[in-house]
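*Asks:* Model the structure of this input:
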Amino acid sequence: MTRLSVNINKVALIRNARGENLPDLVQVAIDCEKFGAQGITVHPRPDERHIRYDDIEPLKKVVRTEFNIEGYPSERFVNLVLENKPHQVTLVPDPPGVLTSSEGWDTIKQQSLLKEVISEFKSNGIRTSIFLEADPKWVESAAKTETDRLELYTGKFAHDFKENPADAVKNHVLTAKEAIKYGLGLNAGHDLNLDNLHYYVQQVPHLQEVSIGHALISDALYYGLQNTIGMYLLRLR
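*Replies:* Modelled structure (predicted):
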């Protein structure tokens, strides 16, 4: 079964709106795992508008499943990861100031940067993943970075899903098959939700993990966090 990692950025965004510890981010992470989540994902950005850098250490102490830190490999981010040693780090090509992650790495032009950073993380026992557009042309150069996994960007799939599911997922299937040829693990994330998740995991082979935040936290406003996580886990079966 594909594993569910819950991205708790939006929980932190709500907390930061009032400048207090409500909701309690650490308790939410504990509860997500208690309700069945198989991982916790965070993405600290330079402006710390949701997850703050000082959230990472307390979260690392309580996460018992898999802790995944996403971000652009700036010097500050690299130091944060090395200090806290999560189970997985996902490298995302986000320049400062972007609203959300909306594209994958150019693994040809950025290969040397990625290879250097990935080497450092792997030497410290941290599994690596890089955010990638669903296009087989990027896979060979991604493999040369010596990353452990790829995380396929699913934003375009989610946008096109209702109009033509088969066409929307086609490149993801092809990219997954190419990744398998190179021995790369496969994750996916961005705009996956209760409507499109089951179809996606049915079609994409050897998918190990999905990271879901915005849709899941939004659904939890209606269904409650425990029920919502259960609903997403059902879609993954």
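
*Asks:* Just give me the longest helix of this protein.
*Replies:* helix 165-181 (DSSP state H).

*Asks:* so what does that helix touch, helix or strand wise?
*Replies:* Helices and strands touching helix 165-181, as assessed by 3 or more CB pairs under 8 Å, 6 or more residues apart in numbering; DSSP states H and E, comprise helix 139-143, strand 149-153, helix 155-160, strand 185-189, helix 197-203. In short, each C-beta sits where N, CA and C put it, glycine included.

*Asks:* Redo the ones you listed as TSV? Include distance to Asn7.
*Replies:* Supplementary listing: the helices and strands packed on helix 165-181 in TSV, determined by distance: least, CB to CB, whole Å:
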stretch	distance to Asn7
helix 139-143	22
strand 149-153	12
helix 155-160	14
strand 185-189	8
helix 197-203	14
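
*Asks:* now those as CSV including mean pLDDT and distance to Val28?
*Replies:* Listed next are the helices and strands packed on helix 165-181 as CSV, based on pLDDT from 0 to 100; distance: least, CB to CB, whole Å:
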stretch, mean pLDDT, distance to Val28
helix 139-143, 98, 33
strand 149-153, 98, 22
helix 155-160, 97, 24
strand 185-189, 98, 19
helix 197-203, 98, 21
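
*Asks:* burial of Asp195, as a residue count?
*Replies:* Number of residues near Asp195 (other CB atoms under 10 Å) recorded here: 12.

*Asks:* State whether it is indeed within a helix.
*Replies:* No: read with DSSP: H, G, I helix; E, B strand; the rest coil, Asp195 is coil and lies in no helix.

*Asks:* give me the element the most centrally placed residue in the chain is part of.
*Replies:* Among the residues of the chain, the one closest to the centroid is Ser211, at 4.3 Å (CA atoms, centre = their mean). Applying DSSP states H and E as the criterion places Ser211 in strand 209-212.

*Asks:* quick one: average confidence on that strand?
*Replies:* Rounded to a whole number, the mean pLDDT of strand 209-212 is 98.

*Asks:* And stretch 81-100, by the same measure?
*Replies:* Confidence over stretch 81-100, taken as the mean pLDDT, stands at 84.

*Asks:* what comes up buried for it?
*Replies:* 81, 84, 86-94 (16 or more other CB atoms under 10 Å).

*Asks:* contacting residues for Asp219?
*Replies:* Asp219 is in contact with 193-194, 228, 231, counting by CB atoms under 8 Å, 6 or more residues apart in numbering.

*Asks:* Out of those, who's the most crowded?
*Replies:* Ranked by neighbour count (other CB under 10 Å), the contacts of Asp219 have Thr228 at the top, with 23 neighbours.

*Asks:* Check the offset of the helix or strand containing that one from the chain's centre.
*Replies:* Taking DSSP H and E as the definition, one finds Thr228 inside helix 225-236. Helix 225-236 has its average C-alpha position 17 Å from the chain's average C-alpha position, going by CA atoms, centre = their mean, to the nearest Å.

*Asks:* Now do the buried residues in it.
*Replies:* Buried residues in helix 225-236, counting neighbours by 16+ other CB under 10 Å, are found at 225, 228-229, 232-233, 235-236.

*Asks:* what would these look like in JSON lines with pLDDT?
*Replies:* Formatted as JSON lines, the entries for the buried residues of helix 225-236 read as follows, by pLDDT from 0 to 100:
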{"residue": "Leu225", "pLDDT": "98"}
{"residue": "Thr228", "pLDDT": "98"}
{"residue": "Ile229", "pLDDT": "98"}
{"residue": "Tyr232", "pLDDT": "98"}
{"residue": "Leu233", "pLDDT": "98"}
{"residue": "Arg235", "pLDDT": "98"}
{"residue": "Leu236", "pLDDT": "97"}
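
*Asks:* All good on my end, thank you.
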